[in-house]
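J.: missing the sequence, but the structure's below:
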C-alpha cells in the first residue's frame with residue numbers, strides 16, 4: 001500500500017528501523033494517554049452525561065443544560081473552578097483576545113515572560129498598529145525574553161518589584177519561533193517565583209497545542225487561567241469549531257461577560273447542536289493527542305536520520321504536539337508542506353503556496369488537508385517564508401495517517 005502512495009523501498013525500510021527504535025517512547029505516550037482517558041471518563045460520569053445533554057438550543061440559548069454541563073466536564077478535566085467552552089469562539093486567538101480584553105483595563109500592564117506572543121496577537125496587543133488593539137485602550141505591553149530556553153528569573157523579579165503588573169501571559173508553545181516550548185516543570189518553577197513577589201497578579205497561560213501531552217494541566221500547578229482552541233488538542237478532531245477559557249471562577253465570569261454582554265455572561269449563547277461533537281471530541285482527545293505525539297516523534301527521528309536539524313529531538317521531553325524541522329532552504333520548506341498536503345484525506349490534489357495571511361507579517365505556507373478548516377490536531381504543517389525556513393508540523397488523528405503524511409512529505413522533498 002505504501003508503494004501505491006509513491007513511497008520508495010528505501011524510505012519504507014528506514015521507517016521500519018526508526019519505529020523499532022521508538023518503541024519505548026511510544027509506550028510512555030500510551031501510558032499518558034491511558035491516564036488522561038481515565039480522567040476524561042471520570043469527569044463524564046461525575047457529571048452524569050446522558051443523551052439529553054446533546055439537545056440543541058437556538059436564539060439566546062437560555063437554560064442550555066447540555067452547554068452548562070459540558071463546561072462542568074471541561075472544568076473537572078482541566079482542574080478549574082469554572083470553564084467557558086463555546087462555539088462562539090472563532091479560534092484560539094479569539095479566545096485569548098476575549099480573555100485579555102476581559103481582564104485588563106486602561107492603564108494596566110500586560111507582561112509576557114516568553115517574549116513576543118504568537119504573530120496573530122500582534123494587532124490585538126498593538127505591536128502592529130490597529131485602532132481596536134489593547135494599546136488603543138491605553139493598556140501597556142511589556143515583554144521579557146527567555147534566556148537559553150528558560151525564564152529570565154532575575155528580570156522577572158526586577159520588573160515585579162518596580163510597579164504593578166496586572167497580568168502575566170505565558171505562551172507555552174513556541175509559535176513561529178526557534179525557542180523550545182515550555183514544559184510543566186519550568187512552568188511550575190516560574191509560577192512559584194512570581195508568587196514570591198506578587199500574590200495577586202493574574203497568571204494566564206496560552207495552553208494551545210499542550211493539553212493532554214502530560215498528565216497535569218497548568219491550573220493544577222498554580223496558574224489562574226488557561227486558554228485553548230477546540231480545533232487543536234481538546235477537540236479531538238471532532239469539534240467543528242470553538243475554544244475554551246478555564247480557571248478561577250471570577251476570571252471565567254469576566255471572560256463570559258466580554259464574549260456575550262455584562263449581566264448575561266454564561267447564561268446566554270446557544271449551543272446550535274454542537275455540544276455532542278464537543279463532548280465526543282474531548283472523549284477522543286487523549287487518544288488523538290497520543291497519535292499526534294507519535295507522529296511528531298516519528299517525524300523528528302526520520303528527518304534527523306536524513307540529516308536535518310529538528311526540535312525537539314525524538315527523545316526529548318515534550319510540552320506540546322508541535323515538531324520543528326529546520327531546513328535552511330526555502331524550497332525544501334515549501335516542498336515538505338506540499339508533501340503533507342499530498343498525504344491528506346481532503347484536498348490532496350491541491351498544492352499550497354506561500355501567501356499573505358491575515359494576522360501574519362510574513363508570507364506563510366500552510367498545508368492542512370483537514371475535515372475542519374484550520375484544524376491543527378489533524379495533520380498540518382506550516383511556516384513563515386523567512387530564514388531559517390522552519391516547518392512547524394503538528395497533528396495526526398491516528399498515527400498511521402500521520403506516518404503516511406510524513407513519508408509522503410519526505411518523498412516529495414527528496415525527489416530528484
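T.: Sure, I can see it. In this text the structure is predicted, and so the values were computed from the model without any measurement.
J.: okay, now the spatially closest residue to residue 233 that is not a sequence neighbour: neighbour count?
T.: Excluding its sequence neighbours, the residue lying closest to residue 233 (Cβ to Cβ, 6 or more residues apart in numbering) is residue 211, at 4.1 Å. In this view, the C-beta of every residue, glycine as well, is placed from N, C-alpha and C. Residue 211 is flanked by 28 other residues according to other Cβ atoms under 10 Å.
J.: who's in contact with residue 211?
T.: Listed by Cβ atoms under 8 Å, 6 or more residues apart in numbering, the contact partners of residue 211 are 78, 217, 228, 232-234, 285, 289.
J.: try it again at 7 Å.
T.: 217, 228, 233-234 (Cβ atoms under 7 Å, 6 or more residues apart in numbering).
J.: now those in a markdown table, with distance to residue 190 and pLDDT?
T.: Formatted as a markdown table, the contacts of residue 211 follow (distance: Cβ to Cβ, whole Å; pLDDT from 0 to 100):
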| residue | distance to residue 190 | pLDDT |
| --- | --- | --- |
| 217 | 16 | 98 |
| 228 | 19 | 98 |
| 233 | 22 | 98 |
| 234 | 24 | 98 |
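J.: which single one of the residues you listed is nearest to residue 405?
T.: residue 233 (17.9 Å; Cβ to Cβ).
J.: and the longest helix along the chain, what does it pack onto?
T.: For the chain, the helix reaching the highest residue count under DSSP state H is reported as helix 9-46. In terms of contacts (3 or more Cβ pairs under 7 Å, 6 or more residues apart in numbering; DSSP states H and E), helix 9-46 is packed against helix 65-78, helix 275-305, helix 399-414.
J.: nearest to residue 1, out of those helices?
T.: Closest among those, using Cβ to Cβ: helix 399-414, at 8.9 Å.
J.: state the mean pLDDT of the longest helix of the chain.
T.: Here helix 9-46 scores 98 as its mean pLDDT.
J.: now that helix against helix 275-305, angle please.
T.: 150 degrees (axes from the mean of the first three to the mean of the last three Cα atoms, to 10 degrees).
J.: out of the helices and strands packed on helix 9-46, deepest packed?
T.: helix 275-305 (a mean of 24; mean count of other Cβ atoms under 10 Å).
J.: so which elements touch that one?
T.: helix 9-46, helix 65-78, strand 309-311, strand 323-326, strand 390-394, helix 399-414.
J.: could you check the angle helix 65-78 makes with it?
T.: Using the same axes, to 10 degrees: helix 275-305 against helix 65-78 is 40 degrees.
J.: what angle separates helix 275-305 from helix 399-414?
T.: 40 degrees.
J.: average model confidence for helix 275-305?
T.: Mean pLDDT, helix 275-305: 98.
J.: which of the residues in stretch 24-32 are buried?
T.: Applying a neighbour-count criterion of 16 or more other Cβ atoms under 10 Å, one finds 25, 29, 32 buried in stretch 24-32.
J.: distance of the second one from residue 304?
T.: Put plainly, it is residue 29. Going from residue 29 to residue 304 by Cβ to Cβ, to the nearest Å gives 18 Å.
J.: closest to residue 381 out of the helices and strands packed on helix 275-305?
T.: Of all these, strand 390-394 comes closest under Cβ to Cβ, at 4.3 Å.
J.: the strands in the stretch 51-200 of the chain, which residues?
T.: Using DSSP state E, counting those that start in this stretch, the strands of the stretch 51-200 of the chain run over 82-86, 109-112, 140-143, 167-171.
J.: which other residues reach the last one?
T.: Same thing as strand 167-171. Contacts for strand 167-171 (Cβ under 7 Å, 6+ apart): 103-104, 110-114, 117-118, 182, 187, 194, 201-206.
J.: would you mind finding the most buried of the strands of the stretch 51-200 of the chain?
T.: Neighbour counts (mean count of other Cβ under 10 Å) averaged over each of the strands of the stretch 51-200 of the chain peak at strand 82-86, with a mean of 27.
J.: who does that strand pair with, and is each partner parallel or antiparallel?
T.: Strand pairing for strand 82-86, using DSSP bridges, gives strand 243-247 (antiparallel).
J.: what pLDDT, on average, does the partner strand get?
T.: Strand 243-247 shows a mean pLDDT of 98 in the predicted model.
J.: and that strand, how far from the chain's centre?
T.: 13 Å (Cα atoms, centre = their mean, to the nearest Å).
J.: please apply the same query to stretch 75-86.
T.: With Cα atoms, centre = their mean, you get 16 Å for stretch 75-86.
J.: which residues touch that stretch?
T.: Contacts for stretch 75-86 (Cβ under 7 Å, 6+ apart): 39-40, 43, 46, 70-71, 74, 217, 219-220, 226, 242, 244-249, 252, 255-256, 259, 266, 269, 278.
J.: re the thing from before, okay, buried residues for the longest helix of the chain please.
T.: Using 16+ other Cβ under 10 Å as the burial criterion, the residues of helix 9-46 that qualify are 11, 14-15, 18-19, 22, 25, 29, 32-33, 36-37, 39-40, 43-44.
J.: picking up where we left off before, output the strands of the stretch 51-200 of the chain as JSON lines; include the columns distance to residue 387 and mean pLDDT.
T.: JSON lines is the format used below for the strands of the stretch 51-200 of the chain (distance: least, Cβ to Cβ, whole Å; pLDDT from 0 to 100):
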{"stretch": "strand 82-86", "distance to residue 387": "39", "mean pLDDT": "98"}
{"stretch": "strand 109-112", "distance to residue 387": "24", "mean pLDDT": "98"}
{"stretch": "strand 140-143", "distance to residue 387": "22", "mean pLDDT": "98"}
{"stretch": "strand 167-171", "distance to residue 387": "22", "mean pLDDT": "98"}
